[in-house]
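Participant: Give me the fold of what follows.
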Amino acid sequence: MVRLVGDVVDFEPGQSVAVTVPSSPHLPRRYSPALPPSRDGKYEFHIRAIPAGWVSGVIVNDTREGDIWTIDDPAGDLRVDDTDDDIVMVAGGTGLAPMRALLLDLARRPRPPRVHLFVGGRSPRDLYAADMLSLIARTADWLTVIPVVEKMTDPMYRDEYFDAAETRRLQTAPDTGFGAGDYLQGRVGEVVARRGPYLSQRVLVCGSPAMSAFTLRALTTTGTPVANIRHG
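Facilitator: This is a model prediction of the structure:
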């Protein structure tokens, strides 16, 4: 997670922006802010280092206080219309970031729409923001969070980022997160599609290209109209 304060960039919740960091000035990457726009120029990005990911690895390992990022070129159609009253969100990995921005924006409405958020990962520790999601769901009676994992047990190898986050969670908010009985097993796209079709709901999908393509195919194959789906 990276938090920034700077000039105000005009974007909509759910959109992505082009991000350029000092260590890779000629390799902009697109990321979705995890906070809705704020008048005081606050931003939050959820970035995971991936194998052979030059920019993501540099950001995760080398970002320091005082670095100056360039943020511009907002784009994307991952949004909730004023007339949408029943929303299905499907997030894989850091695809949760724009969904979080949308949820926080929806919470400002006098009457937020009903939202079911399916968040997927390979194993429970892949759901990196489980504590945040459980806290939001507790305070928002219009939101239901459904965690989905492909395997019910975590891999044997250690993950230093998860270990650090888990230590902080246990120290500051030990009663947050999901219990073993909260998870559904399977690929998140399959799990969501099995509960469809979504004939009147707005469906928002965001994750890796492979996850998004699989989920879109699963949804449309089971009868959800293409016009009801937006993806980031």
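
Participant: For Leu204, what are phi and psi?
Facilitator: phi -110, psi 130 (degrees, to the nearest 10).

Participant: Leaving out sequence neighbours, find the closest residue to it.
Facilitator: Met89 (4.9 Å; C-beta to C-beta, 6 or more residues apart in numbering). (Each C-beta comes from the backbone N, C-alpha and C, glycine too.)

Participant: and that neighbour, what is it in contact with?
Facilitator: Met99, Leu102, Leu103, Val115, His116, Leu117, Phe118, Val203, Leu204 (C-beta atoms under 8 Å, 6 or more residues apart in numbering).

Participant: What about those, which are in strands?
Facilitator: Residues of these located in strands (DSSP state E): Val115, His116, Leu117, Phe118, Val203, Leu204.

Participant: ok, back up a step: what bridges to the residue nearest to Leu204?
Facilitator: Leu117, Leu204 (DSSP bridges).

Participant: any idea of the mean pLDDT in stretch 69-82?
Facilitator: On average, the pLDDT along stretch 69-82 is 93.

Participant: List the contacts of that stretch.
Facilitator: 4, 6, 9-22, 28, 30, 32, 43, 87, 98, 102, 105-106, 113, 202, 204, 206, 230-232.

Participant: do the same with stretch 166-174
Facilitator: So stretch 166-174 is contacted by Arg125, Asp131, Leu135, Thr176, Gly177 (C-beta under 8 Å, 6+ apart).
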